[in-house]
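Chemist: just a sequence and a predicted model for now, questions to come.
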Amino acid sequence: YSISAMCKALKVSRALVYYERKNKREDKKMEEEIIRIFKESRNNYGSRKIKVKLQELGYQVSIRRIRRIMNLNGLVSNYTIKQFKVHKSKCNEEKVENKLNREFNREKQLDVVVSDLTYVNVAGKWNYICLILDLWNREIVGYAAGKNKTAELVYKAFNKISYDLNRINVFHTDRSLSKKGCPYDNAVAEATYKIIKTEFAYNRRFEDFAELERELFDYVNWYNNIRIHGSLNYQTPVNYRLQLSL
């Protein structure tokens, strides 16, 4: 029987039948978009960031519904997976002047850059990466990988910065603390490095140093140009910089 005949016999509005069918198609499409956004985020985005990306596509979806769809499809963010925690290192006891004083929101580019080192597994051995972050827009402006934790590694990272280094007002690392064992003045760098460890280094083994350098280049490009940041009103660091420079 035709749809019209069945609707007439059952006393159901034909418009209602087509409406439900359209909704099912839209639901399926939205589910596919959620899966796509999650995969393209390298399995990192949670429901809030997926909601932002869906809004850009014209979907108005609640966080609760996104979480339900993620659960049904087994989409588990890297941030929800229990991470291995290394032993705490010795507190920094050097007396270094506190210049940042927890003022994390800067008003101009390169006013303060922050940096730190972290280790990665390369063929079963620890290698290191150094990233230099512009506090203004959380952009990675310099980066490098090295087989040893040396001054040469930091030099290579600075050498990647495409701006005039004289524009940098303060270079801040975890060597500048509020007090013993409380590195709150490096909180942004610490939080960023937690992101790097979770998204790039955690539970990952690189086959050789060449692969590490390739993957680091790819990650920094993705982080700066594609990954959205809640602290930037869900913009990418590059988009944030370009908008404010117009």
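Modeler: All right, it came through fine. Computed from a predicted model, the values in this text were never measured in an experiment. Residues are numbered from 1 along each chain as shown.
Chemist: now do V12 against A5, distance only.
Modeler: Going from V12 to A5 by C-beta to C-beta, to the nearest Å gives 11 Å. In this view, the C-beta of every residue, glycine as well, is placed from N, C-alpha and C.
Chemist: neighbour count for these two, which is higher?
Modeler: Remark: of V12 and A5, V12 carries more neighbours, 12 against 9, as counted by other C-beta atoms under 10 Å.
Chemist: confidence score at that one?
Modeler: At V12, the model reports a pLDDT of 85.
Chemist: which SS class is it?
Modeler: coil (DSSP: H, G, I helix; E, B strand; the rest coil).
Chemist: neighbours around the closest residue to it other than its chain neighbours, how many?
Modeler: Leaving aside its sequence neighbours, V12 sits nearest to M6 (C-beta to C-beta, 6 or more residues apart in numbering; 7.8 Å). Around M6 there are 12 other residues, counting by other C-beta under 10 Å.
Chemist: next up, identify which helix or strand M6 is on.
Modeler: Using DSSP states H and E, M6 sits within helix 3-10.
Chemist: among the helices and strands of the protein, which one scores worst on average pLDDT?
Modeler: Of all helical and strand segments in the chain, the minimum by mean pLDDT, DSSP states H and E falls on helix 187-196, at a mean of 76.
Chemist: could you check how far it is from the centre of its chain?
Modeler: In this view, helix 187-196 has its centroid 10 Å away from the chain centroid, taken as C-alpha atoms, centre = their mean, to the nearest Å.
Chemist: start the count at 316 instead of 1 going forward.
Modeler: Right, with 316 as the first residue, what we last looked at is helix 502-511.
Chemist: can you show me the strands along this protein?
Modeler: Using DSSP state E, the strands of the chain run over 427-437, 440-449, 454-461, 485-487, 520-521.
Chemist: of the ones you listed, which stretch is the most buried?
Modeler: Of all these, strand 454-461 carries the top mean neighbour count, a mean of 22, counting by mean count of other C-beta atoms under 10 Å.
Chemist: check which helices and strands that one sits against.
Modeler: For strand 454-461, the packing partners by 3 or more C-beta pairs under 8 Å, 6 or more residues apart in numbering; DSSP states H and E come out as strand 427-437, strand 440-449, helix 466-474, helix 524-540, helix 552-559.
Chemist: got these as CSV, with mean pLDDT columns?
Modeler: Shown next, in CSV, are the helices and strands packed on strand 454-461 (pLDDT from 0 to 100):
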stretch, mean pLDDT
strand 427-437, 90
strand 440-449, 94
helix 466-474, 95
helix 524-540, 97
helix 552-559, 92
